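**Q** Below is the sequence, then the predicted model.
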Amino acid sequence: MKAFVFPGQGAQYVGMGKDLYDNSQKAKDLFEKANEILGFRITDLMFYGTDEDLKQTKVTQPAIFLHSVILAEVMADDFKPDMVAGHSLGEFSALVANKTLAFEDGLKLVSQRAMAMQEACEAEPSTMAAIIGMEDEKVIEICKEINEIVVPANFNCPGQLVISGSFKGIEIACEKLLEAGAKRAISLNVGGAFHSPLMEPARVKLAAAIENTSFRKGICPIYQNVSGESVTDITAIKNNLVMQLTAPVKWTQIMTNMISDGITELTEVGPGNILQGLLKKIDRKIPSKSAHFKF
């Protein structure tokens, strides 16, 4: 069984998607449609911008989404998933790729999500950190002991858990986790505390946007961040998308469940190869590759 997975923030790079735009009329048309929907030329920032341009949440999220879903679209017969999943933002890419969401609706939701998250970040400055070399349970336990907002945000793979919270909470947590035996605690260059209670204002706005968006039955199940489990029910998919903003990404569980359900090959659709690297730390026996379009 073939699984197609879609990356989230952090996978972006200057020049992403330009090869698709230059070599596929279908891709060019979709990129131009995106420029029109968004009201600015995001392609200029993607192809010719700076790293700083792409680090803005309101740019990063639609840029990665566009690269991913347009790549899946131009793959044509090479894109035949038995299951899909996306890391954080990538969940929206996965839902467009498996036909649960229309391209235009998916892009509008991602743009609204990004703007709401950026507003939440500006209202309550916050950050994230990657904790390397410690069991998940120990990280959870130490976070609970801290009298500041700090929570587990991304369960990426065994020995790699990202925490999210206030600047003070992250600072205290990193000190305590290193003292308790973590190999490394790495501050992440992100706009705010994603997948934490500090994203509650964004969650409320996203919930309203999702309620006003049309969803339909997809061509295959999606394994969602909030539960880590296979989902096909439209109501459940919508609820999970909303909860995702303040709940942790259970990526390790997603991969474990996909493997249990018979995955034989994983293809990463979008910029970078982060998710392939995480799979290797979960189960090296499953073959993985990056999606590509044959020009």
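**A** Received the coordinates, thanks.
**Q** so residue 31 touches residue 21, yeah?
**A** Yes. At 5.3 Å, residue 31 counts as touching residue 21 under the criterion of CB atoms under 8 Å. Yep, even glycine has a C-beta here, placed from its N, CA and C like the rest.
**Q** So for the two, which sits in the more crowded spot?
**A** Legend: neighbour count by other CB atoms under 10 Å for residue 31 and residue 21, higher for residue 31 (23 against 18).
**Q** quick one, strands of the protein?
**A** 2-6, 83-86, 126-132, 150-157, 160-166, 184-188, 222-223, 230-231, 265-268, 288-290 (DSSP state E).
**Q** from these, which stretch is densest packed?
**A** Among the strands of the chain, ranked by average contacts under mean count of other CB atoms under 10 Å, first place goes to strand 83-86 (a mean of 28).
**Q** can you list contacts of it?
**A** 1-8, 68, 91-95, 97-98, 218, 220-225, 230, 254, 258, 261, 263 (CB atoms under 8 Å, 6 or more residues apart in numbering).
**Q** neighbours of the nearest residue to residue 105 once chain neighbours are set aside, just the number please.
**A** Spatial nearest neighbour of residue 105, chain neighbours left out: residue 213 (5.1 Å); criterion: CB to CB, 6 or more residues apart in numbering. By other CB under 10 Å, the residues close to residue 213 number 16.
**Q** Please report the distance of residue 213 from residue 234.
**A** Distance, residue 213 to residue 234, by CB to CB, to the nearest Å: 11 Å.
**Q** quick one: contacts for the residue nearest to residue 105?
**A** Contacts of residue 213 by CB under 8 Å, 6+ apart are 101, 105, 108, 109.
**Q** how far away is the last one from residue 93?
**A** Distance, residue 109 to residue 93, by CB to CB: 11 Å.
**Q** Those two - which one has more neighbours?
**A** The neighbour comparison of residue 109 against residue 93 (other CB under 10 Å) goes to residue 93, with 32 against 21.
**Q** Look up how far residue 78 lies from the more buried one.
**A** Taking CB to CB, one finds residue 93 at 16 Å from residue 78.
**Q** What is the distance between the least confident helix or strand in the chain by mean pLDDT and the centre of its chain?
**A** Least confident helix or strand, the chain: helix 51-55 with a mean of 88, by mean pLDDT, DSSP states H and E. In terms of CA atoms, centre = their mean, to the nearest Å, the centre of helix 51-55 is found 17 Å from the chain centre.
**Q** quick one, helices of the stretch 1-150 of the chain?
**A** Assigned by DSSP state H, counting those that start in this stretch, the helices in the stretch 1-150 of the chain fall at 18-23, 25-38, 42-48, 51-55, 57-75, 90-97, 103-123, 136-145.
**Q** Identify the contacts common to residue 31 and residue 21.
**A** Counting by CB under 8 Å, 6+ apart, the contacts common to residue 31 and residue 21 are residue 43.
**Q** if I read this right, residue 66 contacts residue 107, doesn't it?
**A** Yes. Counting by CB under 8 Å, residue 66 does reach residue 107; the two are 7.2 Å apart.
**Q** Comparing the two, which residue is more hemmed in?
**A** More crowded of residue 66 and residue 107, by other CB under 10 Å: residue 66, with 29 against 23.
**Q** show me the contacts for the residue lying farthest from the centre of the chain.
**A** Relative to the centre of the chain, the most outlying C-alpha is that of residue 179, 30.4 Å out, by CA atoms, centre = their mean. If you count contacts by CB under 8 Å, 6+ apart, residue 179 has none.
**Q** now residue 107
**A** 34, 37, 38, 62, 65, 66.
**Q** change it to 6 Å
**A** Counting by CB atoms under 6 Å, 6 or more residues apart in numbering, residue 107 touches 34, 37.
**Q** Distance of it relative to residue 62?
**A** Taking CB to CB, one finds residue 107 at 6 Å from residue 62.
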